[in-house]
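Engineer: got a predicted structure here, sequence first:
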Amino acid sequence: MAIEGVILDVDGTLVVSNDAHAQAWVEAFADYGYEISFDQVRPLIGMGGDKVVPRMVSSLNGKNGTGKEIANRRKELIISKFGAQLPPTKGSRELVKKLQAEGLHLIIASSATEEEMGVLLKAAQVDDLISEFTTSSDAEESKPEPDLVEAALDKAQLQPDRTIMLGDTPYDIESAGKAGVGVIAFRTGGFSDEQLQGAIAIYDDPSDLLNHYETSAIAGEG
């Protein structure tokens, strides 16, 4: 069945930002008196912030109170401190242009907030190419729950079996899988092939997929 649409993750997929998010969490927790190490939080990058907070400090809730304040502080750090320094993943802009040239409907599904989205898309150098997205405000539950992917499917009026998601974390794969969408994963997020094993294919980065596009699942021959 021909693919009609592609759902795109941003962090780690189109922009090299996962380490920056982990460091922002470390600093945000420290601002509120909690000592969390980079190595503790790094494996959780790709989850929604509301899920990360209680994993790090079980007494905190990521949706309100101090936990929510820490999550907001992390967002502020990404926007004001880290965002401008983030490089795009190799080939991200070229891949997006290729997907558009193929007539595919593109929409972003990210756990980022709307304020972060502008910073991240600019860093990924695709802010002038993609205008349709869902953010944390469009979903009841963040990744790895399927809400964001389902919201993207609904917004773009796409069928799960005619859609592929591009992601970089096990949480993208789990989230999309629950929504019935297959994932092509990139190694740019810093996760091992074993951790990404639920993906229908794994490539080094967007340029690697671009180089193998004609035999990929998006082209219908993978």
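Structural biologist: Done, it's in. Residues are numbered from 1 along each chain as shown.

Engineer: distance of the closest residue to D138 other than its chain neighbours from S136?
Structural biologist: Nearest residue to D138, sequence neighbours excluded (CB to CB, 6 or more residues apart in numbering): A151, at 4.4 Å. Yep, even glycine has a C-beta here, placed from its N, CA and C like the rest. With distances taken as CB to CB, to the nearest Å, A151 is found 10 Å from S136.

Engineer: please apply the same query to S80.
Structural biologist: Going from S80 to S136 by CB to CB gives 18 Å.

Engineer: of those two, which one has the most company?
Structural biologist: S136 (22 against 10; other CB atoms under 10 Å).

Engineer: could I get the contacting residues of the residue located most distally from the centre of the chain?
Structural biologist: Most distant residue from the mean C-alpha position of the chain: G33, 28.2 Å away (CA atoms, centre = their mean). Contacts were defined as CB atoms under 8 Å, 6 or more residues apart in numbering; by that measure G33 touches no other residue.

Engineer: any idea how far V57 is from it?
Structural biologist: Separation of G33 from V57 (CB to CB): 10 Å.

Engineer: in what helix or strand does the nearest residue to W25 once chain neighbours are set aside lie?
Structural biologist: Spatial nearest neighbour of W25, excluding adjacent residues (CB to CB, 6+ apart): V41 at 4.6 Å. Assigned by DSSP states H and E, V41 falls within helix 38-41.

Engineer: quick one: low-confidence ranges for this protein?
Structural biologist: Where the chain drops to pLDDT under 70, the residues are 221-222.

Engineer: now do the helices in it.
Structural biologist: Applying DSSP state H to the chain gives helices spanning 18-31, 38-41, 49-56, 65-77, 92-101, 114-123, 147-156, 170-178, 206-211.

Engineer: now those in CSV, with distance to E132 and mean neighbour count?
Structural biologist: Listed next are the helices of the chain as CSV, based on distance: least, CB to CB, whole Å; neighbours: other CB atoms under 10 Å:
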stretch, distance to E132, mean neighbour count
helix 18-31, 23, 20
helix 38-41, 30, 14
helix 49-56, 23, 20
helix 65-77, 22, 18
helix 92-101, 12, 18
helix 114-123, 11, 19
helix 147-156, 7, 22
helix 170-178, 17, 25
helix 206-211, 19, 19
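
Engineer: break the chain into its domains for me.
Structural biologist: Domain segmentation of the chain under automatic domain parsing yields 5-16+86-215, 18-84.

Engineer: give me the distance between the two termini of the longest one.
Structural biologist: Right, the one you point to is domain 5-16+86-215. Counting by CA to CA, to the nearest Å, you get 17 Å between the two ends of domain 5-16+86-215.

Engineer: who touches the residue nearest to W25 in this structure?
Structural biologist: By CB under 8 Å, 6+ apart, the residues touching V41 are 22, 25-26, 52, 56.

Engineer: that's all I had, so thanks and see you.
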